[in-house]
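S.K.: Sharing a model prediction with you, sequence too.
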Amino acid sequence: MTLTESPSLLVAGIGEMVLSSGSDSHLVAYGLGSCIALAVWDPRTRVGGLAHFMLPSGPANDGSPVKFIDSGLDVFLKATEAKGAMLSRSVFKAAGAAAMLTVGGGLAIGKRNAEAMAAALAERGYSLTATALGGNAGRTVQLEVSDGRFLIKSLSSVSEL
């Protein structure tokens, strides 16, 4: 199993989201450290979305719609619904939130991101069905829109959630 490189590769940079209903689309977030990538996929409409969140909280209008979990999650969920997904039947998966940045004795940004994501989803009535969170290694993730597979690549392996 390998991550795909193709013309239908849509990349979510930090603070960005990508959405697609194309069966040949591959949604990717590269180089997740303490950041967290949230994938949402509706198995009926085969609409997928991937957002690359950087921090638990921050200002809503800084130019990056999903940079912060508290102000960006609703933006991402509404955009996913507008694309045709029904959130109540969608699958939610997340990866990242590694312990990469420890400033001043340990801000634990990755851990805070994971906790903020779980709490924000729970407040909205959703939960993660699979995760690859924590640890101390970076990851790259890819959501296959055709079938909802969520691939995670670390330095030494590729796995599937």
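M.R.: Now that the structure is in, tell me what you want to look at. Just so you know, these numbers come straight off a predicted model, no measurement behind them.

S.K.: now the helices for this structure?
M.R.: 69-82, 109-123 (DSSP state H).

S.K.: quick one, which of the ones you listed is nearest to residue 149?
M.R.: Residue 149 sits nearest to helix 69-82 of all these, at 17.5 Å, using CB to CB. Glycine gets a C-beta too; all of them are placed from N, C-alpha and C.

S.K.: Report the inter-axis angle for the closest one versus helix 109-123.
M.R.: Orientation check (axes from the mean of the first three to the mean of the last three CA atoms, to 10 degrees): helix 69-82 against helix 109-123 gives 50 degrees.

S.K.: Can you pull out the residues in contact with helix 69-82?
M.R.: 15, 17, 19, 36, 38, 40, 42, 47, 49, 51, 53, 55-60, 64-66, 87, 90, 113, 116-117, 120-121, 124 (CB atoms under 8 Å, 6 or more residues apart in numbering).

S.K.: again, only using 7 Å
M.R.: 17, 19, 38, 40, 47, 49, 51, 53, 56-60, 65-66, 87, 113, 116-117, 120 (CB atoms under 7 Å, 6 or more residues apart in numbering).

S.K.: Which ones among those lie within strands?
M.R.: The strands, defined by DSSP state E, take in 17, 19, 38, 40, 47, 49, 51, 53 from those.

S.K.: For my notes, please list those in a markdown table and give distance to residue 29 for each entry.
M.R.: Below are the ones in strands among the contacts of helix 69-82 laid out as a markdown table (distance: CB to CB, whole Å):
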| residue | distance to residue 29 |
| --- | --- |
| 17 | 9 |
| 19 | 13 |
| 38 | 9 |
| 40 | 13 |
| 47 | 17 |
| 49 | 11 |
| 51 | 8 |
| 53 | 10 |
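
S.K.: Parallel or antiparallel, which strands does the helix or strand of the chain at the bottom of the mean pLDDT ranking pair with?
M.R.: Least confident helix or strand of the chain, by mean pLDDT, DSSP states H and E, is strand 158-160 with a mean of 75. If you go by DSSP bridges, strand 158-160 pairs up with strand 150-153 (antiparallel).

S.K.: and the partner strand, how far from the chain's centre?
M.R.: 11 Å (CA atoms, centre = their mean, to the nearest Å).

S.K.: Next: stretch 83-90.
M.R.: Counting by CA atoms, centre = their mean, stretch 83-90 is centred 16 Å from the centre of its parent chain.
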